[in-house]
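Student: my questions concern the predicted model and sequence given below.
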Amino acid sequence: MPAFVVAKLTITDPETYARYGAGFMAAFTPFGGKLLSVDEAPEVIEGEWRCTRTVLLEFPSKTVMKAWYASPAYQDLVQHRFAASTADIVLLEGFAPPAA
């Protein structure tokens, strides 16, 4: 079942964050991930959305996402994000509607 990641980021150091962005796809695509959205100004329908960037990712499964996140390539790269931003990130399991 597919899994999704929603990341709400507040970028505080764009120059350092750019190093993260430059290497992201190389660390991401080997795990079959899809970058579905990167939005600097999402339209808020309800409530508040306090961040400077929102990202939506899709993976084949939660297991694959966790393997990507723990991979040496991503762990080396994510240090730039840690240094340049704060984030709230969630992992969501895809939804299989009940059979009719």
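Tutor: Sure thing, it's come through.
Student: could you find the closest non-adjacent residue to Pro14?
Tutor: With sequence-adjacent residues excluded and distances taken as CB to CB, 6 or more residues apart in numbering, Pro14 is closest to Ala84, at 7.4 Å. Every C-beta, even on glycine, is put in place using the N, C-alpha and C of the backbone.
Student: would you agree the one you found is in contact with Leu9?
Tutor: No. Using CB atoms under 8 Å, Ala84 is not in contact with Leu9; the gap is 9.3 Å.
Student: what about the helices in this protein?
Tutor: Along the chain, counting by DSSP state H, helices occupy 14-28, 62-70, 72-84.
Student: now the angle from the shortest one to helix 72-84?
Tutor: Put simply, helix 62-70 runs at 70 degrees to helix 72-84, going by axes from the mean of the first three to the mean of the last three CA atoms, to 10 degrees.
Student: contacts for helix 62-70, please.
Tutor: 3, 5, 27-28, 31-33, 57, 59, 74, 91, 93 (CB atoms under 8 Å, 6 or more residues apart in numbering).
Student: which residues are in contact with Phe59?
Tutor: 2-5, 31-34, 65, 68.
Student: what do you get if the cut-off is 10 Å, keeping everything else the same?
Tutor: Taking CB atoms under 10 Å, 6 or more residues apart in numbering as the criterion, Phe59 is in contact with 2-5, 28, 31-34, 65-69, 91, 94.
Student: pLDDT wise, what is it at?
Tutor: What the model reports for Phe59 is a pLDDT of 98.
Student: overlap of the contact sets of Ala84 and Leu9?
Tutor: Joint contacts of Ala84 and Leu9 (CB under 10 Å, 6+ apart) are 17, 20.
Student: what about stretch 1-9, average pLDDT?
Tutor: Mean predicted lDDT for stretch 1-9 stands at 97.
Student: pull out the buried positions in that stretch.
Tutor: For stretch 1-9, the neighbour count (16 or more other CB atoms under 10 Å) marks 2-5, 7-9 as buried.
Student: and that stretch, how far out from the chain middle?
Tutor: 6 Å (CA atoms, centre = their mean, to the nearest Å).
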